[in-house]
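# Kindly return the folded structure for what I paste below:
(chains A, B, C and D)
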There are 2 protein chains.
Amino acid sequence: MVKLSRKIEYALISLKALSQKNSGDLTSAKEISNVYGAPFDVVSRVLQTLNQAGIVKSIQGVQGGYHLLKNLEDITFHELIEVIEGPLALVKCIHDNDACEMAKSCNIISPVAILNDKINDFYQTIKISDLIINPSLVKFESKLEETSNVEAQRI
Amino acid sequence: MVKLSRKIEYALISLKALSQKNSGDLTSAKEISNVYGAPFDVVSRVLQTLNQAGIVKSIQGVQGGYHLLKNLEDITFHELIEVIEGPLALVKCIHDNDACEMAKSCNIISPVAILNDKINDFYQTIKISDLIINPSLVKFESKLEETSNVEAQRI
DNA sequence: ATATATAAGACTAAAATTGACTTATATAAA
DNA sequence: TTTATATAAGTCAATTTTAGTCTTATATAT
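Here you go, the predicted structure:
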């Protein structure tokens, strides 16, 4: 139901690694692969995707590598998910009406579509810096208190 | 990253179907399977799971079937997910430290664990009645406005 | 008795994810 | 200008997860 894919994990790990370098310094896919024990090809591909999305910048050739282009505070978790995995879809029929044979008898499409939107909204409130930079954990905690416990308190 | 499994879909469809019956009436797995074009075995298994969890009650034998035991307002989306799929785990290492070889070099465990908790909280604010009963869609919309748009408004 | 229903285990098929292999291109440095 | 090292990207294979099927057992109204 909700599980980080390896790609998202590697993206978070990579972004954190880049964020810990001095500005101007480059980090290669190989370095990340070695330090964190993650498969080179997959890390490399994720970084390429982040480059295409303008989140990091790649420098080719010897001594090349990647550096951050965007501020981690300005990237939402929602944006990262969409960049890596495409539009969030709780059920296939959200972006492709023909994707489900049950469509014409389905009794739950519209509430599920609304839930889909709201999960998107929720993920837009989470910044990558919340997921990566330890000193802001307290801030992250308290922000989420505000946003998600309205009903939970009744239980 | 976020996708309803077929089991969750069939659970929602079944719960909605049960909720539309007069109280006292039973609905068989076969009926749900036929009406919604869902595979009998899978629907049947999901209903068995819901029975074990005390969400529905099964009556065996000829003329048997299922009826709701709990009020849909009293079941959270979080509870349904846990009943059908077990504890929500963004990453395997949340419930099993040995599940990941990268664990000792991982630089993102603790923020991801916090996010995991907060997604749980968020899903606890969603009631199954929100996902099933159409007349309350408006209420569902406005409730979620309160809970998830605090940051989104800035964007 | 019999037909119809749930209960549950074991197995197979399909789909999605993950990772490996390969080739091409860019570029700093010897 | 050659070489080593880096990104870029396509294809394929292995693995894991999900979904669905088959089979047998048990309960019960008629």
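# touching DNA strand D at all, whichever helix or strand residue A:30 is part of?
Assigning secondary structure by DSSP states H and E places residue A:30 in helix A:29-36. Yes - using C-beta under 7 Å from any atom of the strand, helix A:29-36 reaches DNA strand D at A:29-30. For glycine as for every other residue, the C-beta is placed from the backbone atoms N, C-alpha and C.
# Report the buried residues of that helix.
A:29, A:32-33, A:36 (16 or more other C-beta atoms under 10 Å in any protein chain shown).
# ok, now stretch A:52-71?
Using 16+ other C-beta under 10 Å as the test for burial, stretch A:52-71 gives A:53, A:55-56, A:58, A:65-68, A:70.
# re earlier: tell me the one among the buried residues of helix A:29-36 nearest to residue B:122.
Using C-beta to C-beta, residue A:36 comes nearest to residue B:122 of the buried residues of helix A:29-36, at 28.7 Å.
# sorry, back to before: output the helix holding residue A:30 in CSV with nothing but the alpha carbons.
Output of helix A:29-36 as CSV, limited to C-alpha atoms (Å, rounded to 0.1, in the frame of the first residue of the first chain):
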residue,chain,number,x,y,z
ALA,A,29,27.6,8.0,-8.6
LYS,A,30,30.4,5.7,-7.9
GLU,A,31,31.2,7.4,-4.7
ILE,A,32,27.6,7.1,-3.5
SER,A,33,27.4,3.5,-4.6
ASN,A,34,30.6,2.7,-2.7
VAL,A,35,29.8,4.6,0.5
TYR,A,36,26.2,3.3,0.9
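# hmm, who's touching that helix?
A:10, A:13-14, A:17, A:38-40, A:43-44, A:47, A:65-66, B:102, B:105-107 (C-beta atoms under 8 Å, 6 or more residues apart in numbering or on different chains).
# what does the helix or strand just after it rub up against?
Toward the C-terminus, helix A:29-36 is succeeded by helix A:40-52 as the next helix or strand (DSSP H and E). By C-beta under 8 Å, 6+ apart, the surrounding residues in contact with helix A:40-52 are A:6-7, A:10-11, A:14-15, A:29-30, A:32-33, A:56-58, A:66, A:83-84.
# ok, which pair from those is furthest apart?
Farthest pair in these, by C-beta to C-beta: A:6 and A:57, 23.4 Å.
# rewinding a little: export the buried residues of helix A:29-36 as a markdown table, with columns for pLDDT.
Formatted as a markdown table, the buried residues of helix A:29-36 follow (pLDDT from 0 to 100):
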| residue | pLDDT |
| --- | --- |
| A:29 | 98 |
| A:32 | 98 |
| A:33 | 97 |
| A:36 | 96 |
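# Please identify which of the residues you listed is nearest to DNA strand C.
If you rank the buried residues of helix A:29-36 by distance to DNA strand C using C-beta to the nearest atom of the strand, residue A:33 comes first, at 8.9 Å.
# For residue B:4, see how far away residue A:42 is.
For residue A:42, the distance to residue B:4 equals 26 Å [C-beta to C-beta, to the nearest Å].
# no no, residue A:83
Here the distance between residue A:83 and residue B:4 works out to 22 Å (C-beta to C-beta).
# tell me the contacts of the closest residue to residue A:23 other than its chain neighbours?
In space, and not counting its chain neighbours, residue A:23 is closest to residue A:67: 7.4 Å by C-beta to C-beta, 6 or more residues apart in numbering or on different chains. With contacts defined as C-beta under 8 Å, 6+ apart, the neighbours of residue A:67 are A:18, A:21, A:23-27, A:56-57, A:59.
# and the closest residue to residue A:85 other than its chain neighbours, how many neighbours?
Nearest residue to residue A:85, sequence neighbours excluded (C-beta to C-beta, 6+ apart): residue B:1, at 5.5 Å. Neighbourhood size, residue B:1 [other C-beta atoms under 10 Å in any protein chain shown]: 20.
# so which of the contacts of helix A:29-36 comes closest to DNA strand C?
Nearest member of the contacts of helix A:29-36 to DNA strand C, counting by C-beta to the nearest atom of the strand, is residue A:39, at 3.3 Å.
# how much space between the nearest residue to the closest one once chain neighbours are set aside and chain B?
Nearest non-adjacent residue to residue A:39, counting by C-beta to C-beta, 6+ apart: residue A:33, 6.7 Å away. Distance, residue A:33 to chain B, by C-beta to the nearest C-beta, to the nearest Å: 11 Å.
# remind me, longest helix of chain A?
Looking across chain A with DSSP state H, the single longest helix is helix A:109-124.
# Okay, angle between the helix or strand in which residue A:79 is found and helix B:109-124 too, please.
Using DSSP H and E, the element containing residue A:79 is helix A:77-85. Angle between the axes of helix A:77-85 and helix B:109-124 is 110 degrees (criterion: axes from the mean of the first three to the mean of the last three C-alpha atoms, to 10 degrees).
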